[in-house]
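A.B. asks: Sharing a model that was predicted from the sequence below.
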Amino acid sequence: MTYASSTTALLLAAGRGTRFDSTGVQDKLLAPLPDGTPVACAAARALLAVLPHVTAVVRPGAEALARALNDAGCDVVFSTDAERGMGASLAAGIRATHEAEGWIIALADMPWIASATIEQIARRIDSGASIVAPVYRGQRGHPVGFGAMHREALSSLDGDVGARRILEAANVTAIDVDDPGVLADVDTYADLHRQP
């Protein structure tokens, strides 16, 4: 790590991934990428390469995923409200890291985001930006950085819309990146083998 950021990362890993496996037998976040790295661990490593504090939010019952993310270097919190949606999981992560000076919110099913992109977002949040999002070829992607001024709004989220309302109401600093990984997630088995 060459840049010392004061921003905390939240890795949202509490979804069920039913499009990946409707039976619920195979957790897509533990599915291996071609190099053998589980999807969520690849997403965590990109964050950990830049940020000293990464907290993963998982659902109760996902102990194998929690262990894998803990072994990768993340702190892990269980969101007992995960069934209510991404907003509830995000709020649980904010409450668990309440003293953070800012957050980068990342999705565990997006393993191809470049560490350089994460660093650009962290630098802007550390410099006082309110909200920062990467843009690739005109399309806004992930992860999204939030300054500390959004603590209360983020910690009171619920349901499945995530932070969309906060993004719509705020001035978002867009940074153009040459990183197709900001748009690429894993929804199906075929996605494991695509290279964005």
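C.D. replies: Perfect, I can see it now.

A.B. asks: Going by C-alpha atoms from here, please, whenever you check contacts or count neighbours.
C.D. replies: Noted.

A.B. asks: what about V76, how many neighbours?
C.D. replies: 22 (other Cα atoms under 10 Å).

A.B. asks: helix/strand/coil for it?
C.D. replies: strand (DSSP: H, G, I helix; E, B strand; the rest coil).

A.B. asks: didn't it look like it was pressed against V58?
C.D. replies: Yes - counting by Cα atoms under 8 Å, V76 sits close enough to V58 to count as a contact (7.2 Å).

A.B. asks: Between those two, which contacts overlap?
C.D. replies: Common contacts of V76 and V58 (Cα atoms under 8 Å, 6 or more residues apart in numbering): A66.

A.B. asks: Who are the packing partners of the helix or strand bottoming out on mean pLDDT in the chain?
C.D. replies: Of all helical and strand segments in the chain, the minimum by mean pLDDT, DSSP states H and E falls on helix 164-169, at a mean of 77. Contact partners of helix 164-169 among helices and strands, from 3 or more Cα pairs under 8 Å, 6 or more residues apart in numbering; DSSP states H and E: none.

A.B. asks: which residues touch that helix?
C.D. replies: Residues outside helix 164-169 that contact it (Cα under 8 Å, 6+ apart) are 131, 153.

A.B. asks: With only the CA atoms kept, save it in CSV.
C.D. replies: What follows is helix 164-169, C-alpha atoms only, in CSV (Å, rounded to 0.1, in the frame of the first residue of the first chain):
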residue,chain,number,x,y,z
ARG,A,164,-29.8,5.5,-4.5
ARG,A,165,-31.8,8.3,-2.8
ILE,A,166,-28.7,9.8,-1.3
LEU,A,167,-27.0,9.7,-4.7
GLU,A,168,-29.9,11.3,-6.4
ALA,A,169,-30.1,14.1,-3.9
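
A.B. asks: I'd like the next helix or strand past it.
C.D. replies: strand 172-176 (DSSP states H and E).
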